[in-house]
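1. With the sequence up front, the predicted model follows.
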Amino acid sequence: MNSKQSSSEQFGQHLKSVGGSEDDVSGSAYVVTEEDTVESVVSGMRIKQQEHGGAASKPSILHASAEVAISRRDEKDPAHHPGTSQPGEYQLDIHFSGDRSTREPVPEADLEAAQIWAQGRIEAAGAEFGAIYFPTGGGTAPGSGALECRYDRAVGWYR
């Protein structure tokens, strides 16, 4: 990870790696709100595409586009996620196709150990995507909190 690179730039690189482009984010008619999570943005983008008669993007492109949009929102308002993660308080979101996701606590205190544990859970569930969050502000709903890292079966772990 390049520490001089913003998170939205890193998310943008991931978007390109899954076959998407800036047009998938900027061309979306969906407007991200303060309450939105990655999953709600994915759903909103999919609905807007269908309303405008377009074919829905691949789930990996929608998910990566939503991550870019959420990251850009948070960069404009750094107070949105004021906390930083503390070992042992991680949460795992497992994203299934069809807008379904689950959240469960990670029993590992170290982030590297949490990634190993989470990868096993994601793969055992047959999911393609997962994310480890630190639940800032006590948020425990999927997609809430400070994003620590994401897992994509095609890419592996990335920030």
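-> Good, I have the coordinates. Numbering: from 1, shown residues only.
2. alpha carbons only for contacts and neighbour counts from here, please
-> Fine.
3. Contacts only, for Glu75.
-> Going by CA atoms under 8 Å, 6 or more residues apart in numbering, Glu75 touches Ser8.
4. That one sits in which helix or strand?
-> helix 59-76 (DSSP states H and E).
5. what's the following helix or strand after that helix?
-> Sequence-wise, the next helix or strand downstream of helix 59-76 (DSSP H and E) is strand 91-96.
6. Direction included, what does that next one pair up with?
-> Strand pairing for strand 91-96, using DSSP bridges, gives strand 100-105 (antiparallel), strand 129-134 (antiparallel).
7. mean confidence for that strand?
-> Per-residue pLDDT values over strand 91-96 give a mean of 88.
8. got the angle between it and helix 59-76?
-> 140 degrees (axes from the mean of the first three to the mean of the last three CA atoms, to 10 degrees).
9. Residues contacting strand 91-96, please?
-> Contacts for strand 91-96 (CA under 8 Å, 6+ apart): 101-106, 118, 122, 127-135, 140, 142-143.
10. Centre of the chain to it, how far?
-> When C-alpha coordinates are averaged (CA atoms, centre = their mean, to the nearest Å), strand 91-96 and its chain have centres 9 Å apart.
11. With stretch 95-115 instead?
-> 11 Å.
12. What of stretch 59-67?
-> 8 Å.
13. Now do it: everything it contacts.
-> 8, 11-12, 14-15, 18-20, 24-25, 38-39, 41-42, 45-46, 97.
14. Which helix or strand in this structure has the lowest average pLDDT?
-> helix 7-17 (a mean of 78; mean pLDDT, DSSP states H and E).
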